[in-house]
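> Using only what follows, build the 3D model:
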Amino acid sequence: MSPEYRKFLNRRQFFQQSSFGLGGAALASLLNGEASADEVDSLSRRGIHHEPKAEHVIYIHLVGAPSHLDLFDYKPELQKRTGQLCPDEFFAGKQLAFIREQPNLLGTPKDDQFAFKKCGQSGIEISNLLPHLQGVADEMCFIKSLHTEQFNHAPAQLYALTGFERFGRPGIGSWVSYGIGSPNKNLPDFVVLVTGQVLGAGNSAWGSGFLPTVHQGIEFRSKGDPVLFLSNPEGMSPGERKKVVDSVNQLNRLQLDSVGDPEIATRISQYEMAYRMQTSVPDLMEISKEPQSIHDLYGSKPGGASFANNCLLARRMVERGVRFVQLFDQGWDHHGSVYSRLPGKARQVDQPIAALIKDLKEKGLLDKTLIVWNAEFGRTPMAQGGAKTDIKKIGRDHHKEAYTVWMAGGGVKGGCVYGASDELGYSVAENKVHLHDFNATILHLLGIDHERLTFKYQGRQFRLTDVHGNVVKDIIA
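I've put the predicted structure just below:
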């Protein structure tokens, strides 16, 4: 800090800038690999409040929201009453996205393709649309009483993943990165893999909001450079690139000491991380090195872009210490033709997710890796489309009152069902779980007290669960 600049500082500014200077020195020490093991541990574990059950999260978000009633929440009474006018209390004064006239009830079709089967020793009922997941039912813990506040895609996605329905808040992966970091310093703490497009919230679903941008999710691509501009320009050697990075960061550190802007510290770490990723990421993304038996298990194909490839990549990332991997799969918004479109989408994700569970278990990683299946909301037990609509064209609208999600591994009880919706699948009948409770539970499994992981912004302390949330302790092993 120059003497001329120091003359204009008041007491508050002096301490603010001094603290950033110290932070910059600590950061420089870490980046140069000179920090002691105790220093690294204290920084990486600053959000650990109790003994963690899980060390990593693979969070699967089905964009558009699958019809949980046709996959996981079997309702014989709803099936029996298909075609009947829905009760007044399901429609009058309720918030629905597209249904405008009082609709008919819609149960799962009565044929073998859509039939439910009791699976494993636990006897959990799962649709025949998901035969591979039926085979790992005893590893899964279902919550059949989740509910949310939002019923349109963008706000509901943001609410599920950031705890707030408008743009500007950090995603759950960013909170985890901020809280506990990652043991691998050559890869980001928080990685995002997308199949299709994330309609609605877009990349705000994995943004860092008001947290330092070093904690935002980094999107990896299946083709070309895994991360944009990761490769050196033509004619530039790795040594020359390192000289550029070192020179730029020398200037950045001088500016950090003078100005104290935390985003400069972020920029320094991002330059250094990008350089290290030039060697770590290509090897990570090279799934062709996996044996053919693994590709047969996942249904993955090297060189392509698919949800199966992303599931395999998620396992490879967890093996290398990435803390939070978020998979987005688009195409689940079935307002029409739900019974002709749902089977295809189910096939795309069924084998890869079941393979992920089996593979992690085989490698001894499932106990410390939490797998999450979630969407922004559920689907209605009423049909979208009038009484005269062809059953092949009928769909389900958005539904926020009750829906089903599940977790596996990472300290949750396998073969477990918690909560229940009513006999028609409209509202919660037992053990209500709010999205804030769901997020609080994920953080708890990672050793984080959701009430203590906070960040001060615009004069108040913010957290992922706002001022709400209770850990669902009954699902924890």
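> Please count neighbours and contacts with C-alpha atoms only from this point.
OK.
> Distance check, the closest residue in space to residue 204 that isn't next to it in sequence against residue 326.
Nearest residue to residue 204, sequence neighbours excluded (C-alpha to C-alpha, 6 or more residues apart in numbering): residue 167, at 6.8 Å. Distance of residue 167 to residue 326, given as C-alpha to C-alpha, to the nearest Å: 19 Å.
> neighbour-wise, which of those two wins?
residue 326 (25 against 16; other C-alpha atoms under 10 Å).
> ok, and the more buried one, which helix or strand is that part of?
strand 324-330 (DSSP states H and E).
> okay, how far is it across stretch 467-477, tip to tip?
Where stretch 467-477 begins and where it ends lie 26 Å apart, using C-alpha to C-alpha.
> Give the buried residues for that stretch.
Buried residues in stretch 467-477, counted by 16 or more other C-alpha atoms under 10 Å: 469-472, 475-476.
> State the mean pLDDT of the following helix or strand past the strand holding residue 326.
Proceeding N to C from strand 324-330, the next assigned helix or strand is helix 338-362, under DSSP H and E. For helix 338-362, the mean per-residue pLDDT is 98.
> How about stretch 171-186?
Rounded mean pLDDT across stretch 171-186 is 93.
> is it true that the residue nearest to residue 204 lies in a helix?
No - read with DSSP: H, G, I helix; E, B strand; the rest coil, residue 167 is coil and lies in no helix.
> Go ahead and confirm it touches residue 206.
No - with contacts counted by C-alpha atoms under 8 Å, residue 167 stays clear of residue 206, the gap being 10.9 Å.
> Quick check on the closest residue to residue 337 other than its chain neighbours: phi, psi?
Closest residue to residue 337 apart from its sequence neighbours, by C-alpha to C-alpha, 6+ apart: residue 393 at 4.0 Å. With angles defined as degrees, to the nearest 10, residue 393 sits at phi -110, psi 0.
> remind me which residues of the chain are low pLDDT?
1-46, 222-246, 249, 266-277, 279-280, 386-388 (pLDDT under 70).
> rerun that using 90 as the cut-off
Where the chain drops to pLDDT under 90, the residues are 1-48, 92-96, 182-186, 196-200, 212-214, 221-285, 303-305, 385-393.
> And the strands in the stretch 201-350 of the chain?
Ranges of strands in the stretch 201-350 of the chain, per DSSP state E, counting those that start in this stretch, are 218-220, 324-330.
> Figure out which of the ones you listed is closest to residue 359.
For the strands of the stretch 201-350 of the chain, the distance to residue 359 is smallest for strand 324-330, at 16.0 Å, taking C-alpha to C-alpha.
> Residue 450 is in contact with residue 463, correct?
Yes - using C-alpha under 8 Å as the test, residue 463 is close enough to residue 450 to be in contact (7.2 Å).
> Which one's more surrounded, those two?
residue 450 (27 against 21).
> Who are the contact partners of the more buried one?
Contacts for residue 450 were tallied using C-alpha atoms under 8 Å, 6 or more residues apart in numbering; they are 440, 443-444, 463-465.
> Repeat that for residue 405.
142-144, 146, 372-375.
> Got phi/psi on it?
Torsion angles, degrees, to the nearest 10, at residue 405: phi -130, psi 170.
> From residue 411, how far out is it?
Distance from residue 405 to residue 411, by C-alpha to C-alpha: 16 Å.
> Residue 135 too?
On the measure of C-alpha to C-alpha, residue 135 and residue 411 end up 20 Å apart.
> Then residue 351?
23 Å.
> Residue 439 now?
15 Å.
> Equivalent analysis for residue 316, please.
Taking C-alpha to C-alpha, one finds residue 316 at 20 Å from residue 411.
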